[in-house]
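Asks: Build me a model from this:
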Amino acid sequence: MLYTVIPSATDSNITDVPHPNDPSQVYKHHIRTPISPINKLFLYMPGHGGHSVEVAGDPPLHPSLLSHAEDAGYHVIGLEYMNSLGAPKCGDCSDCYYGVHSTLLYGYNHSSIVHITEADSILNRVTKLLTYLDQHHHSENWEQFQIAPGKPKWSQIVVAGHSFGGAQAALIAMLYEVPRVVMFASPVDAVNVNSVVESAQWLHRPHATPIDRYFGFRHLKDDQFKAGTQANWTTMGMMGSPTLVDVPATPPYASPPPHQLTSNSITSNAHEAVVRDEASYKQVWQYLIGA
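Replies: Next comes the predicted model:
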């Protein structure tokens, strides 16, 4: 079942993001509940400026992707958060990226270029949404994803995201142990040092989540970000090597099953295709989502 929730309905201190051409309409959380639940939450964070719900006629990037998570038995949240801020302003400042992502996660002033309140943080948005869903849709069993109000039960939450949102997912997995991490065209946090692409500093840190739970999918024609994304997968120590998953390849694609998935299909927008193109990537998404 699909429905939406206005962020400020869960906490009056949360800032709603209005549509730029119709301020009377705001972007909303995308919520799905499964028919046959597996008692895990699929928490998805869109990329920079992206959204999971159609507003004022603008199509969302990834409703089909999230429907496959629902079909796999996950409760699903396509999170609306302050993703128009941050990382693009970091440029080649390697230390900048952690501060941006940390500020968006917690709402503290960890960054000199991004300032948001604790109420607008990802952590508060997620926990207040879970509390709201428990109160208004109690039969759907959303309370299982919190240890207590304000404390997510990360052991039951798969974190995923596209581009900027994939970096937020990786940061959560660095700080908390989660059952799975899915990064679409991400993380993209990288700097150019003497014409060599190097990972942002925070990606060198140890992760609380075991590395065999990390999965990534990128497009080889994503010219703006492909070098940084691959460098980051290597820096993070992701298992295996890049594996092409275009048709006629079928899951599990290789032995052992790969964690670094790539595509080289023809597309007009390689960076977004990995979360938009259901016709090409339905089986890839199902493999990455797992259960």
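
Asks: roughly how far out does stretch 116-133 sit from the chain middle?
Replies: 16 Å (CA atoms, centre = their mean, to the nearest Å).

Asks: list the buried ones in it?
Replies: Across stretch 116-133, burial judged by 16 or more other CB atoms under 10 Å covers 116, 119-133. (C-beta placed from N, C-alpha, C; glycine too.)

Asks: now do stretch 154-171
Replies: Quick answer for stretch 154-171 (16+ other CB under 10 Å): 154, 156-171.

Asks: Cross those residues against strands and list the overlap.
Replies: Using DSSP state E, the subset of the buried residues of stretch 154-171 located in strands is Ile157, Val158, Val159, Ala160, Gly161, His162.

Asks: Turn those into JSON lines, including pLDDT and distance to Gln230.
Replies: Formatted as JSON lines, those follow (pLDDT from 0 to 100; distance: CB to CB, whole Å):
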{"residue": "Ile157", "pLDDT": "98", "distance to Gln230": "27"}
{"residue": "Val158", "pLDDT": "98", "distance to Gln230": "23"}
{"residue": "Val159", "pLDDT": "98", "distance to Gln230": "21"}
{"residue": "Ala160", "pLDDT": "97", "distance to Gln230": "19"}
{"residue": "Gly161", "pLDDT": "96", "distance to Gln230": "17"}
{"residue": "His162", "pLDDT": "95", "distance to Gln230": "16"}
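
Asks: Just name the closest of those to Leu105, please.
Replies: Val159 (11.0 Å; CB to CB).

Asks: check contacts around that closest one.
Replies: Leu43, Met45, Gln168, Ala169, Ile172, Ala173, Val178, Arg180, Val181, Val182 (CB atoms under 8 Å, 6 or more residues apart in numbering).

Asks: Which pLDDT value belongs to the last one?
Replies: Here, the pLDDT recorded for Val182 equals 98.

Asks: With the second one instead?
Replies: At Met45, the pLDDT value in this model is 96.

Asks: From Ile38, how far out is it?
Replies: 21 Å (CB to CB, to the nearest Å).
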